[in-house]
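Engineer: I would like to see how this sequence folds:
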Amino acid sequence: MARLIPLEKVRNIGIMAHIDAGKTTTTERILYYTGVSNRMGEVHEGSALMDWMEQEQERGITITSAATTCFWLGHRINIIDTPGHVDFTMEVERSLRVLDGVISIFCAVAGVEPQSETVWRQAEKYGIPRIAFINKMDRVGADYWRTIQMMRDRLKTDPLPLQLPFGEEEDFVGVIDLVQMRNIVYDATTLGARYHSIEVPIERKSEVLKHREKILEVAAEADDSLMEKYIDGLDLTPQEIKRAIRKATLRHEVIPVLCGAAFKNRGVQPLLDAVVDYLPSPLDVPAVEGTRPDGGVEKRRPSDTEPFSALAFKLTNDPFVGHLTYLRIYSGSLKAGSTVYNVTQGKEERIGRLLKMHANKREEIKEVYAGDIVAAVGLRKTSTGDTLSEKEHPIVLGAIEFPAPVISVSIEPKTKADLDKLGRSLHKLALEDPSFRIKIDEDTAQTLISGMGELHLEIIVDRLLREFKVDARVGVPEVSYRETITKTVEGEGKFIKQTGGRGQYGHVVLRLEPLRPGVGFEFVNKVVGGAIPREYIPAVEQGFKEAMQHGVLAGYPLIDVRVTLLDGSYHEVDSSDIAFKIAASLGFRDLARKANPILLEPIMSLEVVLSEEFLGEVIGDLNARRGKITGIDVRKGIQVIKSEVPLAEMFGYATDLRSLTQGRAHYTMQFSRYKPMPSASTESLISHRKGGAELSSSVNRKEVI
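Structural biologist: Okay, here's the model as predicted:
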C-alpha cells in the first residue's frame with residue numbers, strides 16, 4: 001500500500017502549556033473543526049475526547065498525553081495533547097522527544113506561568129520549533145501585550161505577533177490578521193465554524209500598519225530574495241511573507257504569536273493554518289542520529305526507502321487490546337505482522353497489529369511510514385526509550401531522560417488475596433510510567449512507591465483500585481532526602497581474608513571531596529605503576545557507586561562527591577573483582593563518616609495566586625512552613641507570591657490553602673534544588689530513620705494520600 005499523504009504535508013505537533021491554560025479545550029476545537037468529532041467535548045463537563053481517563057474527567061485536568069490525527073488543508077496533523085501539571089512533566093518530556101513542532105498555549109490573564117517555563121525549556125532542549133497561542137482573550141483581565149512581554153522577559157525569546165485581538169475581554173469577537181490584512185469576525189451561532197472577513201477599522205489602521213511593518217522586516221531578513229523587494233518599497237505577497245516566517249521559525253529566530261478564545265470558539269482555524277504554514281514537516285528537521293553496535297555514528301533520513309528505525313516513547317495497557325507501544329517512525333516503513341529487532345534489548349519482536357490512535361479509540365492500519373506516530377500491539381519485551389530497527393541495519397537512537405522522583409509512600413494490600421495482584425499491577429504501572437518507581441525497604445520490608453508529587457501518587461493508587469481491582473493501604477508520604485559531604489578526607493579500605501587456600505585480598509587508598517550541587521558523582525583513577533591491576537578498576541568504581549546508594553547518616557543516597565583512587569595493593573592469587581569492590585565500599589563508607597556528612601532536603605519553587613485580602617494569612621502560613629518569600633507580583637486584581645519551601649512542609653497544602661482563602665487561591669509547585677537541612681530537623685530525621693520517635697513539626701502535618 002502506497003503512502004497517501006506526502007511527507008512534506010505531515011505535521012507531528014504537540015500542545016503544551018501550564019495547567020488550565022486551555023490545551024485540551026483547544027484540541028477539542030481542532031478535532032471539531034477538522035471533522036474528527038461531531039461534537040465539542042468540554043473539560044469542565046468531563047466530556048473531552050482527549051481526557052478519556054476517569055481520573056482526568058473527575059479532576060478536569062490532563063494526566064496522560066493523548067495522541068490523535070486530523071486533516072487540514074490537505075495536510076495530515078498528528079497531535080499529542082500533553083499534561084500541564086508539574087507532577088506529570090514526564091509525559092511532556094517523552095512526547096517532545098518524538099515531535100517536530102509545538103503549539104505553546106498561554107493564558108491571556110495569567111501570562112507565562114511556572115509550568116509554561118518548564119515545558120518551554122523542555123522544548124528548547126530538543127530544539128523544537130514553536131508557535132504561541134495566547135488563549136482566553138475573552139476573560140476579564142486578559143492582556144495580549146503583557147503576555148507577549150512576559151514571553152520576552154521570562155522565556156528570553158523573540159515573539160512575533162501575527163495577529164491583533166479584535167475587541168477586549170467580553171467584547172472579544174475575532175482577530176486582525178496582520179499577514180493577509182483582514183479582520184476575522186466569528187459567528188457565535190455556528191460554534192465558531194463560520195466566520196467572515198471585514199475591512200480593518202480605520203481607527204486601528206495605524207496600529208495595524210506599525211505591527212505589520214515588524215513582520216515585513218523579519219520576512220526580509222529571513223529570505224534574501226525578499227530583501228530587495230522590501231528595500232525598493234514593493235509589496236510582499238502573503239505567500240512570500242509566510243514562506244519567510246516559516247524559515248525564521250524553523251531556524252528558531254522568531255516565535256509566531258496568535259490569539260483567540262478556544263472556549264468561545266474563536267481563533268482556532270487560523271491556528272490550524274499556522275500549523276500548516278509555519279511548523280515543520282519531518283523533512284524540515286535534521287536527520288535523526290544514532291549509534292551502531294560497533295560504536296559508529298549514523299544518521300537516518302525521514303524517507304520510506306531508508307532502513308526501518310523507530311523509537312518506543314510510551315507504553316500503556318489497553319483494556320481491550322492489551323499492551324500498547326507507541327512508536328515514532330523515523331525512517332523506512334513497517335507492516336503489521338512483520339518482525340523487528342529491539343536493538344536496545346538485543347531481542348527480536350513481532351508486530352501483531354498496528355493502530356492509529358484517537359485518544360483511547362483505535363483504528364487498525366496495515367502499514368506505517370517514516371514520520372508516522374502509531375501504536376503497536378504485540379511488543380512484549382520493549383520498554384520506553386527502546387529503539388526498533390531492521391536486524392540487518394541496527395541503530396540505537398538517543399534515549400529519553402526521566403526525572404528522579406521526589407516523594408515516596410509505603411503501600412500494602414488490604415487482604416492476602418490482593419498480595420500477588422499488587423505486585424503485578426505495580427509492575428505494569430512502572431512500565432507505563434518511568435517516573436514512577438518501586439522498591440522494597442531493606443529495613444522494614446515495606447513496598448515503597450515513589451513519584452513526582454502527591455497528585456501523581458494519588459492517581460497511581462486510584463488506578464490500582466479502579467483498573468486493576470487491587471485494594472491497597474497507603475502510608476504517609478516520605479520525602480526523598482539526600483546526603484553529601486562537606487570536607488575533603490583521605491584514607492584506605494581493606495578487605496583481606498586469608499585462612500588457608502584461596503582467600504580474598506583488596507586494598508585501596510582513596511580521597512573523598514565534595515562537589516558543587518548538582519554535579520553528581522565523579523571517579524578519578526590516579527593509580528600508577530600497576531599498584532592495582534587495570535582489570536580491577538571497574539570493580540573499585542562499582543564499589544564506590546554501590547556504597548553511595550545508602551548514606552552514612554540516615555541511609556539516603558549520597559550525591560555530589562568526587563572519589564579519587566590514589567593507590568592500593570593486590571595479591572597475585574587472592575585478589576579478585578569482588579574483593580576490590582568490597583574494599584572500595586568499606587573504605588568509602590569509613591571516609592564518608594569522617595567527611596562531615598550532612599542531610600539535604602528537596603526545595604520546591606512555589607507560586608501562589610490569590611486576591612490581596614488573603615495575602616497576610618498565606619505569607620504567615622508559608623513562613624511557618626520554613627518558606628522563603630522571593631517576590632510578590634501584582635497583576636490585574638491578583639497577587640502572585642513566589643517562594644521556596646521545603647517539600648517536607650508542603651504535604652496537604654492544597655487543603656490548607658483552600659481553608660485560608662475560602663477556596664479562592666491556587667498554587668503551582670515544582671522541584672528546584674537540594675539544600676542542607678537545619679540541624680534540628682536533621683537530628684529528628686536521623687532519630688526517626690533509626691527507629692526513634694516520629695518526626696515532629698512538618699511530619700505531623702502530613703496527610704495520607
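Engineer: now Cys410: how far from Leu422?
Structural biologist: Quick fix: residue 410 is Ser, not Cys. Per C-beta to C-beta, to the nearest Å, Ser410 is found 12 Å from Leu422. Every C-beta, even on glycine, is put in place using the N, C-alpha and C of the backbone.
Engineer: Next, show the common contact partners of the two.
Structural biologist: Common contacts of Ser410 and Leu422 (C-beta atoms under 8 Å, 6 or more residues apart in numbering): Thr447.
Engineer: So for these two, which sits in the more crowded spot?
Structural biologist: Leu422 (19 against 16; other C-beta atoms under 10 Å).
Engineer: What distance separates the opening and closing residues of stretch 186-199?
Structural biologist: 14 Å (C-alpha to C-alpha, to the nearest Å).
Engineer: got a list of what Asp441 touches?
Structural biologist: Ser410, Thr447, Leu448.
Engineer: How confident is the prediction for the second one, by pLDDT?
Structural biologist: So that's Thr447. Thr447 is assigned 85 on the pLDDT scale.
Engineer: Chain neighbours aside, what residue packs nearest to it?
Structural biologist: Ile411 (5.4 Å; C-beta to C-beta, 6 or more residues apart in numbering).
Engineer: Quick check: what element follows the helix or strand that contains Ile460 along the chain?
Structural biologist: Assigned by DSSP states H and E, Ile460 belongs to helix 454-466. With elements assigned by DSSP H and E, the helix or strand that comes after helix 454-466 is strand 472-474.
Engineer: Can you spell out which helices and strands pack onto the next helix-or-strand element following that next one?
Structural biologist: Next helix or strand after strand 472-474 toward the C-terminus (DSSP H and E): strand 478-479. The contact analysis (3 or more C-beta pairs under 8 Å, 6 or more residues apart in numbering; DSSP states H and E) places strand 478-479 against strand 407-413.
Engineer: Identify each buried residue in the strand it packs on, please.
Structural biologist: Ile407, Ser408, Val409, Ser410, Ile411, Pro413 (16 or more other C-beta atoms under 10 Å).
Engineer: now, among those residues, which is nearest to Val618?
Structural biologist: Ile407 (22.6 Å; C-beta to C-beta).
Engineer: Next, give phi and psi for Lys416.
Structural biologist: phi -60, psi -30 (degrees, to the nearest 10).
Engineer: Contact partners for it?
Structural biologist: Taking C-beta under 8 Å, 6+ apart as the definition, Lys416 has no contacts.
Engineer: For the stretch 301-450 of the chain, which segments count as helices?
Structural biologist: Remark: helices assigned in the stretch 301-450 of the chain by DSSP state H, counting those that start in this stretch are 417-432.
Engineer: Please tell me how far the nearest residue to Asp386 once chain neighbours are set aside sits from Ala375.
Structural biologist: Nearest residue to Asp386 in three dimensions, chain neighbours excluded: Thr344, at 4.1 Å (C-beta to C-beta, 6+ apart). Using C-beta to C-beta, one gets 19 Å for the distance from Thr344 to Ala375.
Engineer: and what of Pro282?
Structural biologist: Pro282 is 18 Å from Ala375, by C-beta to C-beta.
Engineer: Repeat that for His688.
Structural biologist: His688 is 45 Å from Ala375, by C-beta to C-beta.
Engineer: Please name every helix or strand in contact with the biggest strand by length in the chain.
Structural biologist: What stands out as the longest strand in the chain, according to DSSP state E, is strand 598-610. Contacts defined by 3+ C-beta pairs under 8 Å, 6+ apart place strand 598-610 against strand 482-484, helix 615-624, strand 638-646, strand 666-676, helix 679-689.
Engineer: Tell me which helix or strand comes right after the shortest one.
Structural biologist: Sequence order places strand 489-497 as the next helix or strand after strand 482-484, per DSSP H and E.
Engineer: How about the third one?
Structural biologist: Under the assignment DSSP H and E, the closest C-terminal helix or strand after strand 638-646 is helix 653-661.
Engineer: relative orientation of that following helix and helix 454-466 in degrees?
Structural biologist: Angle of helix 653-661 versus helix 454-466, following axes from the mean of the first three to the mean of the last three C-alpha atoms, to 10 degrees, is 120 degrees.
Engineer: What lies in contact with helix 653-661?
Structural biologist: 454, 608, 610-611, 614, 617-618, 621, 625, 665-667, 669, 703.
Engineer: now the residues you listed: which count as buried?
Structural biologist: Glu454, Val608, Leu610, Phe614, Val618, Asp621, Arg625, Ala665, Tyr667, Met669.
Engineer: Which members of these are the farthest-apart pair?
Structural biologist: So, the buried ones among the contacts of helix 653-661 by C-beta to C-beta: farthest apart are Glu454 and Phe614, at 22.2 Å.
Engineer: Please identify the one among the contacts of helix 653-661 that lies nearest to Gly529.
Structural biologist: Met669 (53.6 Å).
Engineer: Could you double-check that that closest one lies in contact with Ser605?
Structural biologist: Yes. If you go by C-beta atoms under 8 Å, Met669 and Ser605 touch, sitting 7.0 Å apart.
Engineer: wait, Lys469 sits on Lys421?
Structural biologist: Yes. If you go by C-beta under 8 Å, Lys469 and Lys421 touch, sitting 7.3 Å apart.
Engineer: These two: which is more packed in?
Structural biologist: Lys421 (17 against 10).
Engineer: could I get stretch 624-641 in PDB with only the CA atoms?
Structural biologist: Output of stretch 624-641 as PDB, limited to C-alpha atoms (Å, rounded to 0.1, in the frame of the first residue of the first chain):
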ATOM      1  CA  ALA A 624       5.500  28.700  59.400                       C
ATOM      2  CA  ARG A 625       6.500  26.100  56.800                       C
ATOM      3  CA  ARG A 626      10.100  27.400  56.600                       C
ATOM      4  CA  GLY A 627       9.300  29.100  53.400                       C
ATOM      5  CA  LYS A 628      11.400  31.900  51.900                       C
ATOM      6  CA  ILE A 629       9.400  34.600  50.000                       C
ATOM      7  CA  THR A 630      11.400  35.500  46.900                       C
ATOM      8  CA  GLY A 631       9.000  38.000  45.400                       C
ATOM      9  CA  ILE A 632       5.400  39.300  45.100                       C
ATOM     10  CA  ASP A 633       4.000  40.300  41.700                       C
ATOM     11  CA  VAL A 634       0.900  42.500  41.400                       C
ATOM     12  CA  ARG A 635      -1.300  41.700  38.400                       C
ATOM     13  CA  LYS A 636      -4.800  42.800  37.500                       C
ATOM     14  CA  GLY A 637      -6.800  42.200  40.600                       C
ATOM     15  CA  ILE A 638      -4.500  39.400  41.900                       C
ATOM     16  CA  GLN A 639      -1.300  38.900  43.800                       C
ATOM     17  CA  VAL A 640       1.300  36.200  43.000                       C
ATOM     18  CA  ILE A 641       3.500  35.100  45.800                       C
END
